[in-house]
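**Student:** sharing a model that was predicted from the sequence below.
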Amino acid sequence: MTTHATYMGYRTDDFEHPFAKFFNDMIASIPANVAAALEHALPSSEALDFEEVTKMANKGYDSVENGYFMLPDGGLHVAVLTPMLHVTPPMWDWWFGWHGCQDNRYKLWHPAAHKSARWEDGREDEAYIGRTSIIEEYIGTSLEKAAIQFVHPTALGFSEEQIADKEEVVYICARLGYPHLPVDFGWLVHQVRKTAVGAEMRSRFWMGGKHIQLRGENKLVQLVSAVLPKIAHLPERQAKDLLQHCSEEMNHLAKILPDLYHEFHESNPLKTILT
């Protein structure tokens, strides 16, 4: 069995790739409104429940666009808003497929935290929905390994009409789990919608609590899944670190994404495939 060697940053060979010119290991400070949101948890009653995720399709904004919540069941919810000048929703749709097959592409996103990304199926095309990305990244000071299982937005209740015009809005939806254990622990949804000057990404994470489940359908799995949320309570530090990490990576990539997209999307015969 071949081991996938991973390391932080770029080495000499990485700079041979044409996209390496976009590698910048200087991460800007997060916006002041996001920094303020890190000061304390918000009342859990104000959190968007995962079962109401399709409310994200409504016009306007939620009462909380930047903040974190510690939930009664031991889980957490994080919301992050990232304005993106000159970015379009299709750019992010392309990015989620393009970056997943090479570590050195993934590192463009957050050079100080991202270590590795590869597709579980080993393919190198640019489809992402219905596939699992195996990633290694630092969230705060903790090195995390996760299986990001991308699903079609309709699987979460968004209608075909709500997702039809990808020039206006794109939804990236995924189940989060462990890569070497049959355990899932959360969900993410990134809504990228068009604005007058580019786009904005509204990111939502639901972790722990009722979202911790074993993968599978048999009765034993159901029983264990019912117990897991009762014994697993996530620390507040994890919510803060996730909020900061998301803001850092989305702001960092947004600055280079237009140029990256125009150079590598237009020249590549493989286009993002939605299934």
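**Tutor:** Noted; the coordinates are in hand.

**Student:** middle-most residue in the protein, spatially?
**Tutor:** By Cα atoms, centre = their mean, the chain has its centre lying nearest to residue 188, at 6.1 Å.

**Student:** pull the longest helix from the protein.
**Tutor:** helix 236-267 (DSSP state H).

**Student:** now find how far off-centre that helix is within its chain.
**Tutor:** 9 Å (Cα atoms, centre = their mean, to the nearest Å).

**Student:** what packs against it?
**Tutor:** Judged by 3 or more Cβ pairs under 8 Å, 6 or more residues apart in numbering; DSSP states H and E, helix 236-267 is in contact with helix 32-37, strand 67-70, strand 76-85, helix 89-98, strand 132-139, strand 198-207. No exception for glycine: its C-beta is placed from N, CA and C like everyone else's.

**Student:** would you turn the ones you listed into JSON lines with distance to residue 167, mean pLDDT and mean neighbour count?
**Tutor:** JSON lines is the format used below for those (distance: least, Cβ to Cβ, whole Å; pLDDT from 0 to 100; neighbours: other Cβ atoms under 10 Å):
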{"stretch": "helix 32-37", "distance to residue 167": "27", "mean pLDDT": "98", "mean neighbour count": "15"}
{"stretch": "strand 67-70", "distance to residue 167": "29", "mean pLDDT": "98", "mean neighbour count": "23"}
{"stretch": "strand 76-85", "distance to residue 167": "15", "mean pLDDT": "98", "mean neighbour count": "23"}
{"stretch": "helix 89-98", "distance to residue 167": "7", "mean pLDDT": "97", "mean neighbour count": "22"}
{"stretch": "strand 132-139", "distance to residue 167": "25", "mean pLDDT": "97", "mean neighbour count": "19"}
{"stretch": "strand 198-207", "distance to residue 167": "10", "mean pLDDT": "98", "mean neighbour count": "22"}
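
**Student:** output the lowest mean pLDDT helix or strand found in this protein.
**Tutor:** Every helix and strand of the chain was ranked by mean pLDDT, DSSP states H and E. The lowest is helix 219-231, at a mean of 54.

**Student:** mind checking the end-to-end distance for stretch 108-127?
**Tutor:** 19 Å (Cα to Cα, to the nearest Å).

**Student:** actually stretch 64-75, not the one I typed
**Tutor:** 18 Å.

**Student:** do stretch 42-52 as well
**Tutor:** Using Cα to Cα, the end-to-end distance of stretch 42-52 comes to 18 Å.

**Student:** same deal with stretch 26-45?
**Tutor:** One end of stretch 26-45 sits 37 Å from the other (Cα to Cα).

**Student:** residue 39: how many residues sit nearby?
**Tutor:** By the measure other Cβ atoms under 10 Å, the count of residues near residue 39 is 8.

**Student:** look at it and give its secondary structure.
**Tutor:** Here residue 39 is recorded as coil under DSSP: H, G, I helix; E, B strand; the rest coil.

**Student:** distance of it relative to residue 68?
**Tutor:** 10 Å (Cβ to Cβ, to the nearest Å).

**Student:** ok, now residue 237?
**Tutor:** 10 Å.

**Student:** next: residue 238.
**Tutor:** Applying Cβ to Cβ, the value for residue 238 to residue 68 is 9 Å.

**Student:** kindly report the same for residue 41.
**Tutor:** Going from residue 41 to residue 68 by Cβ to Cβ gives 6 Å.

**Student:** cool, residue 7 as well?
**Tutor:** Residue 7 sits 31 Å away from residue 68, going by Cβ to Cβ.

**Student:** I'd say residue 152 and residue 173 touch.
**Tutor:** Yes. Contact status for residue 152 versus residue 173: in contact at 7.3 Å, counting by Cβ atoms under 8 Å.
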